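1. Here is the input, now give the coordinates:
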Amino acid sequence: MSVAAPAVPARAARSGQLTSTGTLLRFALRRDRVLIPVWVAVNALMVLSMPGTLKGLYDTPAARADLVGQLATNPSLRAMVGPLFGDSIGALTAWRAGVYAGLLAAVTSLLVVVRHTRDEEESGRQELISSARVGRRAPLTAALLAAAVANGVLALLIAGGLAGQGGAGALATGLGIAGVGMVFATMTAIVVQLTESARLARGLTSAVLGAAFVLRAAGDAATDDGSSVLTWLSPLGWLENVRPYADERWWVLLLLVAATAVQGAVAYVLAGRRDLGMSFLPTRPGPAAGRLGSTGALAWRLQRGSVLGWSIGFFVAGVVYGGLADGATDLVGDNAKAREIFQRMGGHAALTDAFLSAMVGMMGLVAALYIVSAVLRLAGEETSGRTEPVLANAVGRLRWAAGHLVIAFGGAALIMVVASLGFMVGFGGKPGPILGACLVQLPAVWVIGGIAVLLYGVLPRGAMAAWAVAGVTLLIGWVGPALNVPRLVLDLSPFGHLPKLPGGEMQWTPVLVLTVLAAALVAGGLAGLRKRDMSG
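-> The predicted structure is shown next:
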């Protein structure tokens, strides 16, 4: 069994609707020569780092058996990482990394498919390309094949890297994670036919991905063997029910293959029934109520759905992680190595405070993804041609950009505040320490946003490299403490310099330095934007 793009209807192939697919695929891979390798590497390294870490944490069969027993009675932890089906190092690796690797594969596929379909139509490039000898369904096919290449390489890396734990389990893990990626690639291919903007396509597919995680979490909290109906309603639930290293259920992979094939076929049918640039759910011509009297109001109108979605997600995550604090203390127990990892992530405080600090830090890392997407909204507006009529009025470039940057940087602050509310609901306790811990993440988040602004302003063609920066930051933050990497590596991430709150001592110097650095990066990006030509 292999990971591949959905089969193309024979009629489409015979009628020349796939003409130039190979050329478009090579072009897509060339454009994504940074984004795809970085995200695939981050995902693969996250998975492949787990066996060594887990072997150090649970170095005896008795310790691993005890972990299995604790998971069976701890629904909160099952909601976060899923049930555990075996006590081998391979089974623990699939349990600990599987769901989150599937999420990252889905996000990578989402970005790739939208970038090479709806983004191209919005910018007008697809119309130019389609005027040549290019088949009607060639762009969609090339986008799905690019996603298939990314997921296929990921499957090979994971299967090869985990082969030492057992060949069958390694193959099941790699194919399962890549299969989830392809399910969401073809799901995105459907969504881009329904929506008229890349922004909405990303938002809707991300919402479906979030719903899949919630369904899986709710199902796993209800049962300890992955048998809940809610778990089976989610592709992420299918992934964990493949059960690598625990009498693999190979037939579950057929669900991923079937979903990929059916969704791909639907996407091809829809693609053949709409005009270029159009959609089945057209965007409204203007606001139903109110007025857009400023660039800030326009930016808010464009990004409010994204801010709302991220806020809801952060609140729910805060509730879940806050509720896990006491359970994590019970799970770690007397395991000194597990306690050491939490303290490297969350500081040398009481274990509960260290766990909360580590989870807040994770939320900060994810907030970096939000700020990159919000900043790059500027690039989307520019390449789509919508910026030109705005700037044709009495609106300067800096004023136009400022509207979006206020939403990006202010929105990051908002979602971290909302996350703190979630932690308070889930954990309780005094609100001040949790709120402070969430807010102290902002300077590092803003530095990542500042890098995105600088890239967009100075090197607009390389603005997508901001995703690579965010991916590397995620890798350092997620995997670095578990592998006990040198401090020099951890310091490459701005998050590595933040004080560990709650429980740790507040240090204002790194917070102020990071804030000034973020401001300097934004200023540099705006200076570049002011001087360069607009693509229009």
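2. For the rest of this, base every contact and every neighbour count on C-alpha atoms.
-> OK.
3. Restricting to C-alpha, output stretch 317-327 in CSV.
-> In CSV, the C-alpha atoms belonging to stretch 317-327 read as follows (Å, rounded to 0.1, in the frame of the first residue of the first chain):
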residue,chain,number,x,y,z
ALA,A,317,-7.1,24.0,24.3
GLY,A,318,-6.7,26.1,27.5
VAL,A,319,-9.6,24.3,29.2
VAL,A,320,-8.2,20.9,28.2
TYR,A,321,-4.6,21.6,29.2
GLY,A,322,-5.7,23.2,32.4
GLY,A,323,-7.7,20.2,33.3
LEU,A,324,-4.7,18.0,32.7
ALA,A,325,-2.5,19.7,35.3
ASP,A,326,-3.4,17.5,38.2
GLY,A,327,-3.6,14.4,36.1
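4. So for it, mean pLDDT?
-> Averaging pLDDT along stretch 317-327 gives 77.
5. Likewise for stretch 235-243?
-> 94.
6. which ones are touching the residue nearest the centre of the chain?
-> What sits nearest the mean C-alpha location of the chain, by CA atoms, centre = their mean, is residue 107, with 4.6 Å. Shown in contact with residue 107 (CA atoms under 8 Å, 6 or more residues apart in numbering): 181, 206.
7. just for the stretch 401-536 of the chain, where's the confidence low?
-> Low-confidence segments of the stretch 401-536 of the chain, defined by pLDDT under 70, are located at 480-485, 535-536.
8. Kindly recompute the last result at 50.
-> 536 (pLDDT under 50).
9. Would you mark the buried spots in the one helix or strand residue 516 maps to?
-> Assigned by DSSP states H and E, residue 516 belongs to helix 508-531. Neighbour-count burial for helix 508-531 flags 510-511, 514-515, 517-526, 528-529 (criterion: 16 or more other CA atoms under 10 Å).
10. from those residues, which is closest to residue 316?
-> Nearest to residue 316 out of the buried residues of helix 508-531 is residue 511 (CA to CA; 27.0 Å).
11. Residues in contact with the helix holding residue 516: which ones?
-> 397-398, 440, 443-444, 446-451, 453-458, 494, 497-498.
12. Filter these down to just the ones in helices.
-> 397-398, 443-444, 446-451, 453-458 (DSSP state H).
13. from the residues you listed, which would you call buried?
-> Judged by 16+ other CA under 10 Å, buried ones among those: 443-444, 446-451, 453-458.
14. Okay, now the unreliable bits of the stretch 1-150 of the chain?
-> Residues of the stretch 1-150 of the chain that meet the criterion pLDDT under 50 lie in 1-2, 14.
15. now the helices for it?
-> Taking DSSP state H, counting those that start in this stretch to define them, one finds helices in the stretch 1-150 of the chain at 10-14, 21-31, 35-48, 50-57, 61-72, 75-81, 89-115, 118-123, 125-130, 138-161.
16. okay, those in CSV with distance to residue 467 next?
-> Below are the helices of the stretch 1-150 of the chain laid out as CSV (distance: least, CA to CA, whole Å):
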stretch, distance to residue 467
helix 10-14, 35
helix 21-31, 13
helix 35-48, 7
helix 50-57, 24
helix 61-72, 34
helix 75-81, 25
helix 89-115, 10
helix 118-123, 16
helix 125-130, 22
helix 138-161, 15
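17. before we move on, back to that, farthest-separated two in the ones in helices among the contacts of helix 508-531?
-> Farthest pair in the ones in helices among the contacts of helix 508-531 (CA to CA) is 397 and 444. Separation: 26.2 Å.
18. for residue 470, what are its contacts?
-> Here residue 470 is in contact with 368, 369, 372, 448 (CA under 8 Å, 6+ apart).
19. Contacts only, for the last one.
-> If I follow you right, that is residue 448. Going by CA under 8 Å, 6+ apart, residue 448 touches 368, 371, 372, 466, 469, 470, 518.
20. Now flag whichever of those residues is closest to residue 86.
-> The closest of the contacts of residue 448 to residue 86 turns out to be residue 470 (CA to CA; 33.4 Å).
21. element containing the closest one, please.
-> Using DSSP H and E, residue 470 sits within helix 465-483.
22. Centre of the chain to the next helix-or-strand element following that helix, how far?
-> The helix or strand immediately downstream of helix 465-483 is helix 487-490, counting by DSSP H and E. Distance, stretch centre to chain centre, for helix 487-490: 24 Å (CA atoms, centre = their mean, to the nearest Å).
23. Same check on stretch 433-450?
-> That offset, for stretch 433-450, works out to 19 Å (CA atoms, centre = their mean).
24. Equivalent analysis for stretch 369-382, please.
-> That offset, for stretch 369-382, works out to 15 Å (CA atoms, centre = their mean).
25. cool, stretch 146-161 as well?
-> 17 Å.
26. buried sites along it?
-> Of the residues in stretch 146-161, those buried under the neighbour-count criterion (16+ other CA under 10 Å) are 146-159, 161.
27. for stretch 48-57, same thing?
-> Buried residues in stretch 48-57, counted by 16+ other CA under 10 Å: 48, 49, 50, 51, 53, 54, 55, 57.
28. export that stretch as PDB, just CAs?
-> Below are the C-alpha coordinates for stretch 48-57, written out as PDB (Å, rounded to 0.1, in the frame of the first residue of the first chain):
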ATOM      1  CA  LEU A  48      11.800  10.000  15.200                       C
ATOM      2  CA  SER A  49      13.000  11.800  18.400                       C
ATOM      3  CA  MET A  50      10.400   9.900  20.400                       C
ATOM      4  CA  PRO A  51      11.900   6.400  20.800                       C
ATOM      5  CA  GLY A  52      15.100   7.600  22.400                       C
ATOM      6  CA  THR A  53      13.200  10.000  24.700                       C
ATOM      7  CA  LEU A  54      10.600   7.400  25.700                       C
ATOM      8  CA  LYS A  55      13.300   4.800  26.300                       C
ATOM      9  CA  GLY A  56      14.900   7.100  28.800                       C
ATOM     10  CA  LEU A  57      11.600   7.900  30.500                       C
END
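29. Going forward, count from 463.
-> Taking 463 as the first residue, the last one we looked at is stretch 510-519.
30. quick one, the longest helix seen in the chain and helix 512-519 angle?
-> Criterion DSSP H: the longest helix present in the chain is helix 757-794. Angle, helix 757-794 to helix 512-519, by axes from the mean of the first three to the mean of the last three CA atoms, to 10 degrees: 40 degrees.
31. Mind giving me the packing neighbours of helix 757-794?
-> In this structure, helix 757-794 makes packing contacts with helix 537-543, helix 660-684, helix 813-837, helix 859-889, judged by 3 or more CA pairs under 8 Å, 6 or more residues apart in numbering; DSSP states H and E.
32. change it to 7 Å
-> With contacts taken as 3 or more CA pairs under 7 Å, 6 or more residues apart in numbering; DSSP states H and E, helix 757-794 sits against helix 813-837, helix 859-889.
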